[in-house]
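**Q** Prediction below, plus the sequence it came from.
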Amino acid sequence: MAPLKHLEKENPIIDACFQDFCASHGILTSCVLHLLFLYLSNYFEDFLLHDLYELTAFSQRQTNADRLKEGITLILSLIERQCRPLVNGLKLLEDLHRNKHTLSTGDKETDSLLQGGFREGQLTELVGPSSSGKTQFCMQAAASVAENHLGRVLYLDTGNSFSARRIAQFICSSSDATLGQKVMSRILCHTVYDIYTLFDTLQDLEITLRLQMNVNESRLRLLVVDSISSLITPILGGSGSQGRALMVAIGYLLKKLAHEHSIAILVTNHTVGAGGEGGKTKPALGETWKSIPHVRLSLSRDHKNSNCTISILKHTSLPSGQAAKTLTRKENQQCP
Amino acid sequence: MEAWRLPLSSSIRGKLISAGYTSLPSISSVSSSDLARDVNITEEEAFEILRLAKQSSGSSSCNGSRSLINGAKNAWDMLHEEDSLPRITTSCSDLDSILGGGISCRDVTEIGGVPGIGKTQIGIQLSVNVQIPRECGGLGGKAIYIDTEGSFMVERALQIAEACVEDMEEYTGYMHKHFQANQVQMKPKDILDNIFYFRVCSYTEQIALVNHLDKFISENKDVKVVIVDSITFHFRQDFDDLVQRTRVLSEMALKFMKLAKKFSLAVVLLNQVTTKYTEGSFQLALALGDSWSHSCTNRVILYWNGDERYAYIDKSPSLPSASASYTVTSRGLRNSSSSSKRVKMM
């Protein structure tokens, strides 16, 4: 029985804690609390899932009823400590001005469409059919952030599409060798080929960011996952909702990373046929994924004259349906 | 809840969670026999779960190094690596020039076209050209040819191999005039020796082979190209559940990507065409649907233009869109001898 097991496991720890408690005249030292906190934080969920009155009634029938009741009150107070602090609107606005800047996408028309570019702390999704320019857009954004905003970029590539040569073409200061080298060394590329590796990578990243206090000069500003749909499609569908659960979990993990560490996150998605009347396409990953990104942009390419059209499907502060035309930057084109 | 993040089958995961093991520390603190008894699984499965849990929690231990995550490379280092990456020539210089030198290693290239345009010819040519030794500018590697349609003809491969050896002898004879001719050690039979041929008769065999390739290539490290001719054949007919087909295909694509990156080899997938109804008209498009079209790094489409065969770069992360013409001769793939030899840039 799960609750009994947990209470038994916790009891010896609480015993030690109570001894310390009595020894120091009723003052719980912070280190003991911290240890308890770390150990018990995994059991909070199971504890909260069970009926509290039932647990108290159960403990009353035991021989050491008082100690168990004190243990339960202690755990409850620890749970309250784990609750996130409430913020008011003013604090949010201050956080916005101080930490969450707007990053230019590297392309003037897109910047004016998005009124500045990507916002740190938001998850932006780029949807488009095959060879519409999604990877080019991502690489251009990475080059722009590394060069203009002096931030580091982490590019998670699932299709071996990261091309350092193309990034070098996007950087305007490639004529100056040392500056070009500095800019390019701010862009890190890592390949992931399945969703479990992505989870591990993001968790490593979270720990590193928490330790390094993402506030100094060369902090991580942009995280690109190209493309997240190729990682999620193998697990979606079929019997059971495991795949959808993992997809939602990854979405929430990305949003949490973005908000806590003031990073802009860009993911790409592909399109699938919409069925029914032929020819229409819709973004992949289904209805559940639609509500997860903050901003959704749609990219389409006119193959006759290689014009790309980028339009807003969903945005937190701009009206949807607006569009802008851009041209993919060719090799010898001038920088803006 | 962290136990659902482990890559386990859903039945074992369900048993784990319903027995109360929802977080990684709770799993790692138990021995494998206790775990097997509690969750009602075999000892080997319990051992596997413990190994995965340790791996997962071990990788999240923090290190004090400056790098953001282990294994990430920065773009400056990758630039130098990319420039020195070898490419497999297609024996047709126009095609090579629009491909930036040839088929690049570490990429998955998809080549598709109507029947009869020369896809199998390109496949055989590449499996011969990858074996050109380094002294003549090639890779000196072996090839894996996965045949799903039965279109690989050994006589044709021998013919192309003989033509390749003659070209190499001419090349070395030209470059090293003071040496005797016939310095080339390779014989056409050696070239055929170095092509590993697999014949696949159903989609389950295809999936099993792709899973096995990792182990096979670890044992034969000089394989430098994997050609699949064609990837569509077993997935087009008799596949009832299209959702399952999408899942299986995207899983296979990821495995190919991983192979290409891990062993630095080129993966060439040959695809067929189908008609699609877009923008009010029926057009030719590559088979296997929209999801599959995102699973390759580069895509080359072969088409007829009058009497000429043309190749068009449809998707590439670093090459501009361009098309070039080629011909299929008795010696293999060669430049077309038409008057307009210039590469058409789009």
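**A** Perfect, I can see it now. Residues are numbered from 1 along each chain as shown, chains lettered A, B, ... in the order given.
**Q** Let's check: the centremost residue of chain A is which one?
**A** Geometric centre of chain A, nearest residue: residue A:254, 1.3 Å, by C-alpha atoms, centre = their mean.
**Q** what residues are up against it?
**A** Counting by C-beta atoms under 8 Å, 6 or more residues apart in numbering or on different chains, residue A:254 touches A:123, A:202, A:223, A:225, A:265, A:267. C-beta here means a position set from N, CA and C on the backbone, and glycine is covered the same way.
**Q** Shouldn't residue A:230 be within a helix?
**A** Yes - residue state for residue A:230 (DSSP: H, G, I helix; E, B strand; the rest coil) corresponds to a helix.
**Q** Model confidence for it, exactly?
**A** We have a pLDDT of 88 for residue A:230.
**Q** again with residue B:194
**A** 90.
**Q** give me phi/psi at the residue nearest to it when sequence neighbours are not counted?
**A** Leaving aside its chain neighbours, residue B:194 sits nearest to residue B:142 (4.3 Å; criterion: C-beta to C-beta, 6 or more residues apart in numbering or on different chains). Backbone torsions for residue B:142, taken as degrees, to the nearest 10, come to phi -100, psi 170.
**Q** Thought residue B:197 was touching residue B:142, still the case?
**A** No - between residue B:142 and residue B:197 there is no contact under C-beta atoms under 8 Å: 11.4 Å.
**Q** and the residue nearest to the centre of chain A, backbone torsions?
**A** phi -60, psi -40.
**Q** do residue B:107 as well
**A** Backbone geometry at residue B:107, expressed as degrees, to the nearest 10, gives phi -130, psi 150.
**Q** what about it, distance to residue B:156?
**A** Relative to residue B:156, residue B:107 is positioned 26 Å away (C-beta to C-beta, to the nearest Å).
**Q** and these two? which has more neighbours close in?
**A** The neighbour count for residue B:107 versus residue B:156, taken as other C-beta atoms under 10 Å in any protein chain shown, is higher for residue B:107 (24 against 16).
**Q** Quick check: that one vs residue B:257, distance?
**A** Counting by C-beta to C-beta, the gap from residue B:107 to residue B:257 is 9 Å.
**Q** repeat for residue A:144
**A** Separation of residue A:144 from residue B:257 (C-beta to C-beta) stands at 27 Å.
**Q** Residue A:125 falls within a strand, correct?
**A** Yes - assignment of residue A:125 by three-state DSSP places it within a strand.
**Q** dump the residue contacts of it.
**A** Residue A:125 neighbours (C-beta under 8 Å, 6+ apart): A:266, A:267, A:268, A:269, A:283, A:293, A:295, A:296, A:297.
**Q** pretty sure the second one contacts residue A:118?
**A** No - counting by C-beta under 8 Å, residue A:267 stays clear of residue A:118, with 11.7 Å between them.
**Q** can you pull out the helices in chain A?
**A** All helices of chain A, identified by DSSP state H, fall at A:2-23, A:30-40, A:44-49, A:52-60, A:65-82, A:89-99, A:108-113, A:134-148, A:164-170, A:177-184, A:195-212, A:229-232, A:242-261, A:286-290.
**Q** which of residue B:142 and residue B:197 has more neighbours?
**A** Neighbours of residue B:142 and residue B:197, each counted by other C-beta under 10 Å, are more numerous for residue B:142; the result is 21 against 14.
**Q** give the contact list for the more buried one.
**A** Counting by C-beta under 8 Å, 6+ apart, residue B:142 has contacts B:130, B:131, B:194, B:195, B:196, B:220, B:222, B:223, B:224.
**Q** how much space is there between it and chain A?
**A** Distance from residue B:142 to chain A, counting by C-beta to the nearest C-beta, to the nearest Å: 21 Å.
**Q** Looking at that residue now. What's its pLDDT?
**A** Note for residue B:142: predicted pLDDT of 91.
**Q** And for residue A:156?
**A** So, for residue A:156, pLDDT stands at 92.
**Q** same deal with residue B:344?
**A** In this prediction residue B:344 is given a pLDDT of 48.
**Q** Could I get the average pLDDT for stretch A:218-227?
**A** In this model, stretch A:218-227 has an average pLDDT of 87.
**Q** Identify each buried residue in that stretch, please.
**A** For stretch A:218-227, burial by neighbour count (16 or more other C-beta atoms under 10 Å in any protein chain shown) applies to A:219, A:220, A:221, A:222, A:223, A:224, A:225, A:226, A:227.
**Q** Reformat the residues you listed into TSV and put distance to chain B next to each item.
**A** TSV is the format used below for these (distance: C-beta to the nearest C-beta, whole Å):
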residue	distance to chain B
A:219	10
A:220	7
A:221	12
A:222	12
A:223	10
A:224	12
A:225	13
A:226	10
A:227	7
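**Q** Inside strands: which ones of those?
**A** Of the positions in the buried residues of stretch A:218-227, A:220, A:221, A:222, A:223, A:224, A:225, A:226 sit in strands, assigned by DSSP state E.
**Q** right, and the third one touches residue A:147 too?
**A** No - with contact defined as C-beta under 8 Å, residue A:222 and residue A:147 do not form a contacting pair (11.8 Å).
**Q** From the contacts of residue A:254, pick the one nearest residue A:191.
**A** Residue A:191 has its nearest neighbour among those in residue A:225, at 11.4 Å by C-beta to C-beta.
**Q** what's across from that closest one in the sheet?
**A** Under DSSP bridges, the beta-bridge partners of residue A:225 are residue A:156, residue A:267.
**Q** before we move on, the earlier item: show me whatever sits in contact with both of residue B:107 and residue B:257.
**A** What both residue B:107 and residue B:257 touch, as defined by C-beta under 8 Å, 6+ apart, is the set A:160, B:297.
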